[in-house]
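Novice: kindly return the folded structure for what I paste below:
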Amino acid sequence: MEGINKTTKIQFFFRPFSLDPEIQLVIFVAFLVMYLTSLSGNATIAVLVQINNSLHTPMYFFLANLAVLEIFYTSSIAPLALANLLSMGKTPVSITGCGTQMFFFVFLGGADCVLLAVMAYDRFIAICYPLRYTLIMRWSLCVELAVGSLVLGFLLSLPLTILIFGLPFCHNNEIYHFYCDMPAVMHLACANTHIHETALYVISFIVLSVPLTLISISYIFIVIAILRIQSKEGRHRAFSTCSSHILVVLLQYGCTSFIYLSPSSSYSPEMGRMVSVVYTFITPILNPLIYSMRNKELKDALKKALKKF
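Specialist: Numbering: from 1, shown residues only. Below you'll find the model as predicted:
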């Protein structure tokens, strides 16, 4: 009972990137610019898809869903991280607040990974079965796939959050991170976390490997189908619709695999924090840039929208 009381009264603090206030301010400005750029870029894609009838296709429907996910995903991290940068790590977060942040981060991140697999499936059908595409990718199926990614993200996040915050936390309350990430929080527990670390590794492996395997299989068939296309223009168009998705997949899965699939014995808090900056702040910026730069229809829709203003 005493352990439970200690845990419920715990307040966490995040370790500053630097003890120099000026450096902290520079990092704050960089994070704020990245956050606002991510919000504006992803919001632009979501709005463009909504207002342009020519973009009302399954591919852009999933892209708009990805953009909205990225907005909420980044917003689950950025406000608290920015507050802590300004306060030099003196902004407290309750154990409930930390658990809530972790839940939404894992929920939205898991849904993001599943949605990338869904987008690969959409490209597989479009390129390998073009004549049956509209028949297979019905709007009802698209909605079910989008909702399904959210459900799977929820089913992943809830047990992991309960698992980690079922641990007792005592005196060490400084998180070596800028948000409540699972490995960083678990390192603060005053109990044996071997079972929890194993469970986290196994679940992370399944969640990352299954969608990535499906994506890889899809692209094997896609590449085979593209190589059979006779015209050079047709091959180029097919490759261009897939290359942007592949780049996003490599960024997302590469960074998350590094964090969650590394052995706990080799876990480096400093390296973990640096890599986390990539997939919480930089990747959400790159997603709209990658898709808009490599997608003619999206660029044309943006030009039309800008001309109206």
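
Novice: give me the next element, helix or strand, following the host helix or strand of Ala46.
Specialist: When secondary structure is defined by DSSP states H and E, Ala46 falls within helix 21-51. Next along the chain after helix 21-51, taking DSSP H and E as the criterion, comes helix 58-75.

Novice: and that next one, what other elements does it pack with?
Specialist: Counting contacts by 3 or more C-beta pairs under 8 Å, 6 or more residues apart in numbering; DSSP states H and E, the secondary-structure elements packed against helix 58-75 are helix 21-51, helix 95-128, helix 139-165, helix 283-293. No exception for glycine: its C-beta is placed from N, CA and C like everyone else's.

Novice: any chance of those in JSON lines, plus mean neighbour count, mean pLDDT and distance to Phe13?
Specialist: As requested, the helices and strands packed on helix 58-75 are arranged in JSON lines below (neighbours: other C-beta atoms under 10 Å; pLDDT from 0 to 100; distance: least, C-beta to C-beta, whole Å):
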{"stretch": "helix 21-51", "mean neighbour count": "17", "mean pLDDT": "93", "distance to Phe13": "14"}
{"stretch": "helix 95-128", "mean neighbour count": "21", "mean pLDDT": "92", "distance to Phe13": "10"}
{"stretch": "helix 139-165", "mean neighbour count": "16", "mean pLDDT": "94", "distance to Phe13": "17"}
{"stretch": "helix 283-293", "mean neighbour count": "20", "mean pLDDT": "78", "distance to Phe13": "25"}
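
Novice: can you put those in a markdown table and add distance to Pro183?
Specialist: Written out in a markdown table, the entries for the helices and strands packed on helix 58-75 read as follows (distance: least, C-beta to C-beta, whole Å):
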| stretch | distance to Pro183 |
| --- | --- |
| helix 21-51 | 21 |
| helix 95-128 | 11 |
| helix 139-165 | 9 |
| helix 283-293 | 19 |
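
Novice: got a list of what the most centrally placed residue in the chain touches?
Specialist: Nearest residue to the geometric centre of the chain (C-alpha atoms, centre = their mean): Gly109, 4.0 Å. Residues in contact with Gly109, defined by C-beta atoms under 8 Å, 6 or more residues apart in numbering, are Tyr73, Gly153, Thr256.

Novice: wait, which of those residues is closest to Gly97?
Specialist: For Gly97, the closest of the contacts of Gly109 turns out to be Tyr73, at 17.6 Å, with distances computed as C-beta to C-beta.

Novice: quick one: that closest one from Phe281, how far?
Specialist: Shown here: Tyr73 relative to Phe281, a distance of 11 Å by C-beta to C-beta, to the nearest Å.

Novice: pick out whichever of these two has more residues nearby.
Specialist: A direct count of neighbours by other C-beta atoms under 10 Å for Tyr73 and Phe281 places Tyr73 higher, at 24 against 21.

Novice: spatially nearest residue to that one (excluding sequence neighbours)?
Specialist: Excluding its sequence neighbours, the residue lying closest to Tyr73 (C-beta to C-beta, 6 or more residues apart in numbering) is Leu108, at 4.1 Å.

Novice: next SSE downstream of the helix or strand hosting Tyr219?
Specialist: In this assignment (DSSP H and E), Tyr219 forms part of helix 194-227. Toward the C-terminal end, the helix or strand that comes next after helix 194-227 (DSSP H and E) is helix 232-260.

Novice: immediately after that following helix, which helix or strand?
Specialist: Per DSSP H and E, the first helix or strand lying C-terminal to helix 232-260 is helix 269-277.

Novice: and Thr74, how many residues sit next to it?
Specialist: Under the neighbour criterion other C-beta under 10 Å, Thr74 is assigned a count of 23.

Novice: and it, what is it in contact with?
Specialist: Contacts were defined as C-beta under 8 Å, 6+ apart; by that measure Thr74 touches Tyr35, Ser38, Leu39, Thr280, Phe281, Pro284.

Novice: which pair in the residues you listed spans the largest distance?
Specialist: Pairwise distances across those (C-beta to C-beta) peak at 13.2 Å, for the pair Leu39 and Thr280.

Novice: right, and Leu208 touches Ser257 too?
Specialist: Yes. The pair Leu208 / Ser257 is scored as a contact, 5.7 Å apart, by C-beta atoms under 8 Å.
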